[in-house]
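Chemist: Sequence first, then the predicted structure, then my questions.
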Amino acid sequence: MQNKNVAIAISSLVFSWNDGSDPVLNIEHLHIKRSERVFIEGPSGSGKSTLLSLIAGVTIPQNGSVTVNGIQLNAISGAARDRFRADHIGFIYQMFNLIPFLTVVENVTLPCRFSRHRRSRAANRAGSVEAEAMQLLSKLGMAHPALVQKTVNDLSVGQQQRVAVARALIGSPDILIADEPTSSLDADHRQAFIEMLFHECDRENTTLVYVSHDRTLEAVFDRTIRLVDINAVQHTGAIGG
């Protein structure tokens, strides 16, 4: 039986990008507790982004299991994984994945269009989905009227990254996955971002899984997972994340 205090449980996982090819990840055991702030560290090409993709149910392993919030993701259909991800997981992508022709506010509220669960939580917290979006943008220094109605193509890289963060947080997802989220932020904005991120996660008891090359951030997290320590596959070249 799944421990109710465990948000993410990985067991006997083996993942390859193509059947018959050498594994990218071979992880016997990994547990992340609910509300835990976990920093995942590893060199470029060690499989960090691949691990995040598996936790989010975007990809599934050839062997083993990935269980999130008590649901074994590789035992349900692709459509069911999509619904689960929309309802329960916020994802801050390394490349942002914003919709270029939508405004800032439209990008932030986008997850609530695909998830009744997150739409309801956002409205309950702030009165409306749009009000929740503005509150998050304000905390990130992005609520100026001249900014929020711009399309994201008109923003700087750092501004686009903050929009991506607000989008991931809207509707209080149970699990927040962050893939190199501070790579385009200066020191002041990086500190403000981390403080805001922790505050939002604490408010909703959100589990935070955070990947970064910036090891100076390690000390503020509950635990560091070094991929080299849990992955039986040792990489010497870049293989994606």
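Modeler: Yep, it's here.
Chemist: Is the residue nearest the centre of the chain in a helix, a strand, or coil?
Modeler: Centroid-nearest residue in the chain: residue 177, 1.8 Å away (criterion: C-alpha atoms, centre = their mean). Under DSSP: H, G, I helix; E, B strand; the rest coil, the three-state class of residue 177 is strand.
Chemist: can I assume it is in contact with residue 201?
Modeler: No. Between residue 177 and residue 201 there is no contact under C-beta atoms under 8 Å: 11.7 Å. Every C-beta, even on glycine, is put in place using the N, C-alpha and C of the backbone.
Chemist: ok, residues contacting the longest helix along the chain?
Modeler: Determined from DSSP state H, the single longest helix within the chain is helix 187-204. If you take C-beta atoms under 8 Å, 6 or more residues apart in numbering as the criterion, helix 187-204 is touched by 35, 37, 136, 139-141, 158, 162, 165, 169, 172, 176, 178, 181-182, 185, 206-208, 214, 217, 220.
Chemist: which other helices and strands contact the next helix or strand along the chain from it?
Modeler: Downstream of helix 187-204, the first helix or strand assigned by DSSP states H and E is strand 207-211. Other helices and strands packing on strand 207-211, by 3 or more C-beta pairs under 8 Å, 6 or more residues apart in numbering; DSSP states H and E, are strand 6-15, strand 25-33, strand 37-41, helix 48-55, strand 175-179, helix 187-204.
Chemist: Could I get the buried residue list for the last one?
Modeler: Neighbour counts using 16 or more other C-beta atoms under 10 Å place 189, 190, 193, 194, 196, 197, 200, 201, 204 of helix 187-204 among the buried residues.
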